Structure formats: C-alpha cells, structure tokens
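>>> Pasted the sequence and its predicted model underneath.
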Amino acid sequence: MEKVITLVFHNQGLRSYIEVDLCAQCPRQDDKGCCGFYSPVFYPTDLAYLLLNEPDLLNYIFSLDHLTILDASVTVNNTIEGSSYRCRFHSKENGCILSQHLRESICRHFVCSGIGWQEEDSMQDWRDFFDKLTDYEIEVNNHWAEILKEKGLTLRDPSLRERFFDELSILYEEGLKNLPDFVTTMPERDTRSLTRPLKFGPDWIL
C-alpha cells in the first residue's frame, strides 16, 4: 500500500518545526509511535521561549516528579509501559498535548525514518535548513549555559531559578535580534509531498 504523505516545514527560527499528516494515523498502530521511546529534554532556548510565551507550562514542567534537572536543562522522564515507554506529554486519545511550537527541538524536528524525507532531492533545501538549525541550537544552548554557569546560576538549586530565568530571558531576546542568514533566507512555511509504501506495526521504522 502506497500513500501520499504531506510535510509542512515551518520556519520560525529557534521554534521551527515539521508538521507531518501521517502522524495522526501512525503506522505503528500502538497509540504512541515515536513517543514510546523518548524523554523530552528542554534546553535554554526552549525554557526561555516558554518563560516568555507559556509561563504556566514552564511552571507545570517543574511541578512534575521524576525529572532530571541539570544546570541548564530539564528532562521529563517517560514512564514504563509494556515493552517500551510513554512520553508524559502523550495521550492515547489525542497524541501530544503540546502544540508543536511548544515542544523541545527533537520533538519539533523529528520525522520517522519510514518517511525518509531527507532522501528526496526536492527537499534538500529543508534538510540543509534543519541540519544547520540543529547545530545552531546546540551552539546557542551551550553558549548560554556557559554564561549562566559563570554567573553562578543553575537550575539544580530552586532558590536560584528566578535569577536564572531573568538572565536567560535577556539572552533570548538578544539572540532573536541576530538570527543567522540560513534562517532569514528561507520561507516561513512550505508544503511538500512524497509517496511511500506503508508497513504496519513494528515493521514501520521509527
């Protein structure tokens, strides 16, 4: 069985994401798909965006149990379910409870290997964009984490978090003023399609 799959590439700078219409009918047919294998990690660029745009969600994340909190990141550890896991933001009925722009970078950029859009010659411009964006986010997150560390700020100490976020918001707003050329030269939204044979259950490669 072959299916036309539509991908929508959203260029929102540090909040860019890939929308895939197949996700709503995931061929894994296990009601969790890729969300059964990954624990989302929120890094400084993610935390700053939530702080300035969805502070209630940021507060909710830090209210959860079973977190892994490091100096400049927080991991929302998934829960064991059967032979795999389930992300704590994933519901059986509606999938991820977070809008795509609110997710951390892996969850915003990930497209399962069964689709293999990066192999399409017609999509190499977007492959290059997301490859560069991934490297850029890592560079920015590491740089900001180092600045915050030098100021003696860490998420590990709850008493320092308010100061941590105050400084982080300044870094984020400054960073938005100097986005690299590969971001500013790409369209804000672009729709592409491809055709792939579908396999179901564990035969569909994530």
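Looks like it arrived, so ask away.

>>> In the lengthiest helix in the chain, which residues are buried?
Criterion DSSP state H: the longest helix present in the chain is helix 124-150. Applying a neighbour-count criterion of 16 or more other C-beta atoms under 10 Å, one finds Trp126, Phe129, Phe130, Leu133, Tyr136, Glu137, Val140, Asn141, Trp144, Ala145, Ile147, Leu148 buried in helix 124-150. For every residue, glycine as well, the C-beta is placed using N, CA and C.

>>> And that helix, what does it pack against?
helix 44-53, helix 105-109, helix 161-175, helix 181-184 (3 or more C-beta pairs under 8 Å, 6 or more residues apart in numbering; DSSP states H and E).

>>> out of those, deepest packed?
Among the helices and strands packed on helix 124-150, helix 44-53 has the highest mean neighbour count (mean count of other C-beta atoms under 10 Å), at a mean of 21.

>>> and the helix or strand following that one, which residues are buried?
Next in sequence after helix 44-53, counting helices and strands by DSSP states H and E, comes helix 55-63. Going by neighbour count (16+ other C-beta under 10 Å), the buried part of helix 55-63 is Leu57, Leu58, Ile61.

>>> Show me which of these is closest to Phe42.
Nearest to Phe42 among these: Ile61, at 6.7 Å, using C-beta to C-beta.

>>> how about the helices and strands packed on helix 124-150, which one is nearest Asn78?
Smallest distance to Asn78 across those (C-beta to C-beta): 12.1 Å, for helix 105-109.

>>> Mind checking the pLDDT average for that closest one?
Mean pLDDT, helix 105-109: 96.

>>> try stretch 42-57
The model assigns stretch 42-57 a mean pLDDT of 97.

>>> what does that stretch rub up against?
Outside stretch 42-57, the residues that touch it by C-beta atoms under 8 Å, 6 or more residues apart in numbering are 14-15, 58, 61, 72-76, 98, 102, 104-105, 137, 140-141, 144-145, 148, 165, 168-169, 171-173, 175.

>>> let's see it at 7 Å
14-15, 58, 61, 72-74, 102, 104, 137, 140-141, 144-145, 165, 168-169, 172 (C-beta atoms under 7 Å, 6 or more residues apart in numbering).

>>> again with stretch 11-31
5-10, 33, 36, 45, 49, 92, 95, 100-101, 108-109, 111, 114-115, 133, 137, 179, 183, 186-188, 198-201, 204.

>>> how does it look with 6 Å?
5-10, 33, 45, 92, 100-101, 108, 111, 133, 179, 183, 186, 188, 198, 200-201, 204 (C-beta atoms under 6 Å, 6 or more residues apart in numbering).
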